[in-house]
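Participant: structure for the following, please:
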Amino acid sequence: MSDTDFDIPKALSGTGGWLDDRFHGARGLRVFMRKVFPDHWSFMLGEIALWSFVILLLTGTFLSLFFVPSTNEVIYHGSYVKLDGIKMSEAYRSTLNITFDVRGGLLMRQIHHWAADLFMAALIIHMLRVFFTGAYRKPREVNWLIGIVLFTLGLLEGLFGYSLPDDQLSGAGLRILEGVLQGVPIVGTYLAYFLFGGPFPGNSIVPRMYIIHVLLIPGIILGLITAHLFIMVHQKHTQMPGKGNTEKNVRGQPFFPYFMAKGGAWFFFIFAALVLLSTFAQINPIWLYGPYTPVAISSASQPDFYMGILEGSLRMMPAWEWNFLGHTLSLSVVIPALLPLGIIFGGAAFWPFFEQWATGDKSWHNINDRPRNAPIRTATGMAAITFYGVLWAEGANDVIADQLQIPLYTVTWIARVLVFVGPFVAFVVTRRICLALQRKDRDELLHGYESGIIRQLPDGEFIEVHKPVNEEARAVLEAKKVPALMLPPGSEDGNGVPAPGSRGMLGRARTVANRAFAETIVVEADGHGNGHGHEGAGEEHAAVGSADPHAQLPSGDGSDEDSGGS
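Facilitator: Now for the predicted structure:
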């Protein structure tokens, strides 16, 4: 793409010239404006999270002008007459005032809450897209880790955010948080005292949460998002398999004017959707819950969806305590609080390095995988989703038991079994589906796709005519990479020296993992999809195997260049 591929508006050119005369930034800005971004629908998921965070900042600034972060007791005499004369905290009273007395306050509160849910949902789906397509591989491991930290901070930000109004529902959540902190061995009581400033509930928790929610965590998230975007621009965006897409180019549209216009329109579309949702779908009606009191709790109470896994793990865990050296270890609290998220977040952070170790693949990856072409990765992801989903559903076990007329403990025991059996079944079924889809792709490459046209041969046999796949579809199918297979344990080179990577228990484990990752359906032809009408009776299916064990994977040199092809 050359500088003359688009015209810069005169007003923008004049402003740019004025800034360049003083700060000499025209060259860098020009390069950024010409930056090419691939255009695929799945890339919008990250943009949804970005614009949702921007809306959170805007609405949160508005709410902070009226919210009073104090637990001092007052008597309410506001517009909501059902609570008139009720003793409550200043935090709860100010939230009621925002809701009923500040012009547009209820709408802003609901936009803020829905934007928080949308931010977490978009972040989850965006990370799943990155995982299933292998976009976390070299050189993007750091950005993957930043995404995991962002999601962790989002959980904390959401927890502190919906706890600020000091209503009955949020107070119950804080009580659970205190119990979790106290359940941490040795230092638990100190952690709870440090956060709450004394016995629960105390008078310090709301002001402290307010500072953390408004200043600390948003500042860290903003810094990480900025780093995430700069790294993405520097390393260039991944792109999906397609005709003309290679590891050495980036095909798409320039940032200016195409991507800038599309991104701006996408922001206003998301904002409009949140406004409509907040207008017609009520969320967190704190005036119905009443002010928090430690002696009461509301029925059918659940946190926002992204905290459901912790709620479910607490409800599922049986009572289990140990006394060790004079300390009581509340394993029924510590395990559900730390183990499920530890498995998911720890496993997600470790996975890119484990996959590189198992496959021996240290090359650059700018072309994403199709999920079906990585059966072990896809099956592992589905197992994690199933694990998460069972715990999430268990967070509403009382509602499920009530609606389905099932005893509560029956629901709990079903969840206790499914949390172990479900991920295993999901792994096996997903792996088989991926291999079956690979066989389907192989058949399309070798014999074309079914056209629905039936013909009769001279000998009387009826066949269905197959048509060859088009160039775009063939490019996607042929983009599949066959993983390299490491030498088996005990193998030797020409000089009789054993393979270094296969020695010892760790080497054998690596060999097993390598063979799992290398499992694939090999295409035994040139893959031109010639449209033959039928297969021979004696044709055998390609076996599940892998490439030549001595084959070498391509290694990237990091010299990718933007290409302006569209």
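
Participant: in which helix or strand does Leu339 reside?
Facilitator: helix 331-359 (DSSP states H and E).

Participant: pull out the buried positions in that helix.
Facilitator: Going by neighbour count (16 or more other Cβ atoms under 10 Å), the buried part of helix 331-359 is 331, 333-337, 340-341, 344, 348-349, 351-352, 355, 357-359. Just so you know, the C-beta spots here come from the backbone N, C-alpha and C atoms, and that holds for glycine as well.

Participant: all the helices of the stretch 151-300 of the chain, in order from the start?
Facilitator: 168-182, 188-196, 205-211, 217-235, 260-280, 286-289 (DSSP state H, counting those that start in this stretch).

Participant: which one of the ones you listed lies closest to Ala115?
Facilitator: helix 260-280 (5.6 Å; Cβ to Cβ).

Participant: who are the packing partners of that closest one?
Facilitator: If you count contacts as 3 or more Cβ pairs under 8 Å, 6 or more residues apart in numbering; DSSP states H and E, helix 260-280 packs onto helix 44-64, helix 105-133.

Participant: just put the ones you listed in CSV and tack on mean neighbour count, distance to Gly290 and mean pLDDT.
Facilitator: Formatted as CSV, these follow (neighbours: other Cβ atoms under 10 Å; distance: least, Cβ to Cβ, whole Å; pLDDT from 0 to 100):
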stretch, mean neighbour count, distance to Gly290, mean pLDDT
helix 44-64, 19, 21, 95
helix 105-133, 20, 17, 96
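
Participant: which one, of the ones you listed, ends up nearest to Leu181?
Facilitator: helix 105-133 (22.3 Å).

Participant: just want the angle from the closest one to helix 260-280.
Facilitator: 130 degrees (axes from the mean of the first three to the mean of the last three Cα atoms, to 10 degrees).

Participant: just to revisit the earlier point, Val250 is nearest to which of the helices of the stretch 151-300 of the chain?
Facilitator: helix 217-235 (10.6 Å).

Participant: what about that closest one, average pLDDT?
Facilitator: Averaged across helix 217-235, the pLDDT comes to 94.

Participant: and it, how far out from the chain middle?
Facilitator: 16 Å (Cα atoms, centre = their mean, to the nearest Å).

Participant: counting contacts, what elements does that helix pack onto?
Facilitator: Taking 3+ Cβ pairs under 8 Å, 6+ apart as the contact cut, helix 217-235 packs with helix 44-64, helix 141-163.

Participant: which parts of the last one are buried?
Facilitator: Read that as helix 141-163. Using 16+ other Cβ under 10 Å as the burial criterion, the residues of helix 141-163 that qualify are 143-144, 146-148, 150-151, 153-155, 157-163.

Participant: closest one to Thr430 among the helices and strands packed on helix 260-280?
Facilitator: Of the helices and strands packed on helix 260-280, nearest to Thr430 by Cβ to Cβ is helix 105-133, at 10.5 Å.

Participant: thinking again about what came up before, which strands or helices does whichever helix or strand comes after the helix holding Leu339 pack on?
Facilitator: Using DSSP H and E, the next helix or strand after helix 331-359 towards the C-terminus is helix 375-394. Packed against helix 375-394 by the contact rule (3+ Cβ pairs under 8 Å, 6+ apart) you find helix 105-133, helix 308-316, helix 331-359, helix 408-447, helix 504-517.

Participant: give me the angle between helix 375-394 and helix 105-133.
Facilitator: Using the same axes, to 10 degrees, helix 375-394 lies at 150 degrees relative to helix 105-133.

Participant: which of the three states applies to the closest residue to Phe100 other than its chain neighbours?
Facilitator: In space, and not counting its chain neighbours, Phe100 is closest to Ser79: 4.1 Å by Cβ to Cβ, 6 or more residues apart in numbering. Following DSSP: H, G, I helix; E, B strand; the rest coil, the label given to Ser79 is coil.

Participant: residues contacting stretch 18-26, please?
Facilitator: Contacts of stretch 18-26 with the rest of the structure, by Cβ atoms under 8 Å, 6 or more residues apart in numbering, involve Gly16, Gly17.

Participant: how far off centre is that stretch?
Facilitator: Worked out by Cα atoms, centre = their mean, stretch 18-26 lies 39 Å from the chain centre.

Participant: send the alpha carbons of it over as CSV?
Facilitator: The C-alpha trace of stretch 18-26 is given here as CSV (Å, rounded to 0.1, in the frame of the first residue of the first chain):
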residue,chain,number,x,y,z
TRP,A,18,0.7,21.7,12.9
LEU,A,19,1.4,18.9,15.3
ASP,A,20,4.3,17.6,13.1
ASP,A,21,6.0,21.0,13.1
ARG,A,22,6.1,20.8,16.9
PHE,A,23,6.3,17.1,17.8
HIS,A,24,7.6,15.4,14.6
GLY,A,25,5.1,12.6,14.8
ALA,A,26,3.7,12.6,11.3
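
Participant: mind checking the pLDDT average for it?
Facilitator: Taken as a whole, stretch 18-26 has an average pLDDT of 77.

Participant: wait, a strand at Trp322?
Facilitator: Yes: assessed by three-state DSSP, Trp322 belongs to a strand.

Participant: residue contacts, it?
Facilitator: Trp322 neighbours (Cβ under 8 Å, 6+ apart): Thr328, Leu329, Leu331.

Participant: then Arg431?
Facilitator: Pro375, Ile376, Thr378, Ala379.

Participant: can you say which of the helices and strands packed on helix 260-280 is nearest to Gly197?
Facilitator: Closest approach to Gly197 among these is made by helix 44-64 (21.6 Å; Cβ to Cβ).

Participant: next secondary structure after that closest one?
Facilitator: Next along from helix 44-64, by DSSP H and E: strand 73-75.

Participant: so what are the sheet partners of that following strand and their directions?
Facilitator: Sheet pairing of strand 73-75 (DSSP bridges) gives strand 87-89 (antiparallel).

Participant: circling back to that earlier point, pick the one among the contacts of Arg431 closest to Glu478.
Facilitator: Pro375 (18.5 Å).
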